[in-house]
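# How does the following fold in three dimensions:
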Amino acid sequence: MKSLYKKLTKSSNNYYMIHYRMLADSLNTVSNNNYIDQLEYYGRKKQTSVTVKSLMETAQGERLDMFNLNKQLLDNINMNEKVLLQVACFLHRELPVRLAHRAVELEEYDLFMKSSHIRNVCSWYKTSFSQLRSCQAPTNKELERKFALTIESIYERHSATLITMAKGAHELKTLLGHDTITFANQSEIQKRLDNFYLSRIGIRTLIGQYLALRSSNDGSNMIGLISPKASPYNIALQTIEDAAYMCKRQHGEAPEVTIHGRTDLHFPYFPSHISYILLELLKNSMRATVESHGVDKMPNIKIVIADGEEDIVIKVSDEGGGIRRSNMNRIWSYLFTTADPSILENMLIDSNPRDFDTASPLAGLGYGLPIARNYARYFGGDLTVMSMEGYGTDSFIYLPRLGDKNSVV
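The predicted structure is shown next:
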């Protein structure tokens, strides 16, 4: 084992630095192969902080000097293969810790365990944890290939987590005998859901980055999931198309959307995160506009892109009638929605749900805005909403320049 790895000099950023003790921890099982003991053990371990800067540098091979497998092995593979081995070895060690944290945190809250749907989600995390602990460390090309198959299966297993957790929250609301407003005011539940989804973004980002690196081609300008020159304008164009498709499917027509401001702007970011946030805002704006004005006289929705000194700011502005002042705090609560309750009921009986699917209804789940704000806040940005009841709503997405900050995954 010592011949494979050597202990490296300490660094302020220990991402992807493989120590002998870490390898031993990754290769050996905890006492008696008892996965319950392992889950508790890993659930107490500290997660490794990973910066977006280190993700980008590692993907480009700039941190290979921190990774030292058998020299003969490394001499016989190209740089991309070395990078994949480096990332895979890190995930083999780090993901069990993060998965165990999620399972333990769900299980320790008794109220969550009263929901069959949340117990189901918890079992997914336990299964994925056990699967990773049973997987050999990816110390060569063949083992890395097998590890990637394991990671793909884990990614797919958790693809409906958001919707399944929403079903669980609805189940809890029913068990507690709460209406939507009362449930929205349950701060402890809302806080735990926020923490869970923020942590999930980190896991999905790390896994998605690895899988994107494996599938990338030489002609792509992407660094895994990260675009060094993300274009809010181009992302908005695609998102407008997706939102319009969903709106037309439900209402028969969709309002026009115009884009203004810094349409030439490019900056390092995760395009998929911008797309998700924008899609949620446009879905809300389109629905509000159609329901407020009808399909014959719909005012345009406006997107404005601004290049501030501190943040990139994207504003989505509509004339869809606005939000009641008494509901402004509740829009950030899970399950709070003003859509037709039958839409949620239909989603709850869907036997094959997937998160972020354009086949989903335009509204009704009550998860769009709080999850969108989590995506904005994850790297130090934010999402705010200003509304004028009787007129319309302005939503502001604040996105930091990731290349300038050590944002942590």
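# so who does Q190 touch?
Going by Cβ atoms under 8 Å, 6 or more residues apart in numbering, Q190 touches 184, 333-334. C-beta coordinates here come from the backbone N, C-alpha and C atoms, glycine included.
# Beta-bridge partners for the nearest residue to S49 once chain neighbours are set aside, please?
The shortest distance from S49 to any non-neighbouring residue, by Cβ to Cβ, 6 or more residues apart in numbering, is to V408 (5.0 Å). Assessed by DSSP bridges, V408 has beta-bridge partners T51.
# Check V408 and give its pLDDT.
pLDDT recorded at V408 is 75.
# Please enumerate the strands of the protein.
Counting by DSSP state E, the chain has strands at residues 227-230, 257-261, 267-269, 301-307, 311-318, 382-388, 392-400.
# Tabulate those (JSON lines), appending mean pLDDT, distance to S115 and mean neighbour count.
Output for the strands of the chain, formatted as JSON lines (pLDDT from 0 to 100; distance: least, Cβ to Cβ, whole Å; neighbours: other Cβ atoms under 10 Å):
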{"stretch": "strand 227-230", "mean pLDDT": "93", "distance to S115": "37", "mean neighbour count": "18"}
{"stretch": "strand 257-261", "mean pLDDT": "98", "distance to S115": "38", "mean neighbour count": "16"}
{"stretch": "strand 267-269", "mean pLDDT": "93", "distance to S115": "35", "mean neighbour count": "21"}
{"stretch": "strand 301-307", "mean pLDDT": "98", "distance to S115": "37", "mean neighbour count": "19"}
{"stretch": "strand 311-318", "mean pLDDT": "97", "distance to S115": "33", "mean neighbour count": "22"}
{"stretch": "strand 382-388", "mean pLDDT": "97", "distance to S115": "27", "mean neighbour count": "16"}
{"stretch": "strand 392-400", "mean pLDDT": "97", "distance to S115": "31", "mean neighbour count": "21"}
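# Reformat these as CSV; add distance to H117.
Rendered in CSV, the data for the strands of the chain read as follows (distance: least, Cβ to Cβ, whole Å):
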stretch, distance to H117
strand 227-230, 35
strand 257-261, 35
strand 267-269, 33
strand 301-307, 34
strand 311-318, 31
strand 382-388, 26
strand 392-400, 30
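# I'd like to know which of those strands is closest to L279.
Closest approach to L279 among the strands of the chain (Cβ to Cβ): strand 311-318, 10.5 Å.
# relative to strand 382-388, how tilted is the closest one?
Counting by axes from the mean of the first three to the mean of the last three Cα atoms, to 10 degrees, strand 311-318 points 30 degrees away from the direction of strand 382-388.
# M328 touches E389, doesn't it?
No - M328 is beyond contact range of E389, at 9.5 Å (criterion: Cβ atoms under 8 Å).
# Tell me the one of the contacts of Q190 nearest L162?
The nearest one, if we look at the contacts of Q190 relative to L162 and count by Cβ to Cβ, is Y334, at 10.2 Å.
# count of neighbours near the closest one?
A count of neighbours around Y334, defined by other Cβ atoms under 10 Å, yields 24.
# again with E40
14.
# Point out the ones among the contacts of Q190 that are inside helices.
A184 (DSSP state H).
# can you put the contacts of Q190 in TSV and add pLDDT and distance to I259?
Formatted as TSV, the contacts of Q190 follow (pLDDT from 0 to 100; distance: Cβ to Cβ, whole Å):
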residue	pLDDT	distance to I259
A184	81	33
S333	88	30
Y334	84	30
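# Out of the contacts of Q190, which is nearest to L213?
Y334 (32.6 Å).
# State the distance from the closest one to V408.
Using Cβ to Cβ, to the nearest Å, Y334 is found at 24 Å from V408.
# Name the nearest residue to the most centrally placed residue in the chain, ignoring sequence neighbours.
Taking Cα atoms, centre = their mean, the centroid of the chain lies closest to I201, which sits 3.1 Å from it. Counting by Cβ to Cβ, 6+ apart, I201 lies nearest to Y378, which is 5.1 Å off, once chain neighbours are set aside.
# mind listing what the one you found touches?
By Cβ under 8 Å, 6+ apart, Y378 lies in contact with 198, 201-202, 273.
# The same query, at a cut-off of 10 Å, please.
Y378 makes contact with 197-199, 201-202, 205, 270, 273, 407-409, according to Cβ atoms under 10 Å, 6 or more residues apart in numbering.
# Who wins on neighbours among those?
F270 (25 neighbours).
# what does the model give the residue nearest to that residue when sequence neighbours are not counted for pLDDT?
Nearest non-adjacent residue to F270, counting by Cβ to Cβ, 6+ apart: L225, 5.4 Å away. With respect to pLDDT, L225 scores 94.
# what's around L225, how many residues?
Using other Cβ under 10 Å, L225 is surrounded by 23 other residues.
# do you know how far it is from S216?
L225 is 10 Å from S216, by Cβ to Cβ.
# Could you do K126 as well?
Distance of K126 to S216, given as Cβ to Cβ: 31 Å.
# So those two - more neighbours on which side?
More neighbours surround K126 than the other of K126 and S216, with 20 against 16 (other Cβ under 10 Å).
# show me what contacts the spatially closest residue to that one that is not a sequence neighbour?
In this structure, K126 finds its nearest non-sequential neighbour in A103, 5.2 Å apart by Cβ to Cβ, 6+ apart. Contact analysis of A103 by Cβ under 10 Å, 6+ apart lists 39-40, 42-43, 121-129.
# Contacts only, for I154.
95, 99, 124-125, 127-129, 131-132, 135, 203, 207.
# at 8 Å what do you get?
95, 128, 131-132, 207.
# returning to what we had before: R287 is nearest to which of the strands of the chain?
R287 lies closest to strand 311-318 among those, at 9.7 Å (Cβ to Cβ).
# how many degrees apart are that closest one and strand 392-400 in direction?
With the same axes, to 10 degrees defining the directions, strand 311-318 sits at 160 degrees from strand 392-400.
# which stretches of the stretch 201-350 of the chain form helices?
Per DSSP state H, counting those that start in this stretch, the stretch 201-350 of the chain carries helices over the ranges 232-251, 271-293, 341-348.
# can you give me how far the first one is from the chain middle?
This points to helix 232-251. Averaging C-alpha positions (Cα atoms, centre = their mean, to the nearest Å) puts helix 232-251 20 Å from its chain's average.
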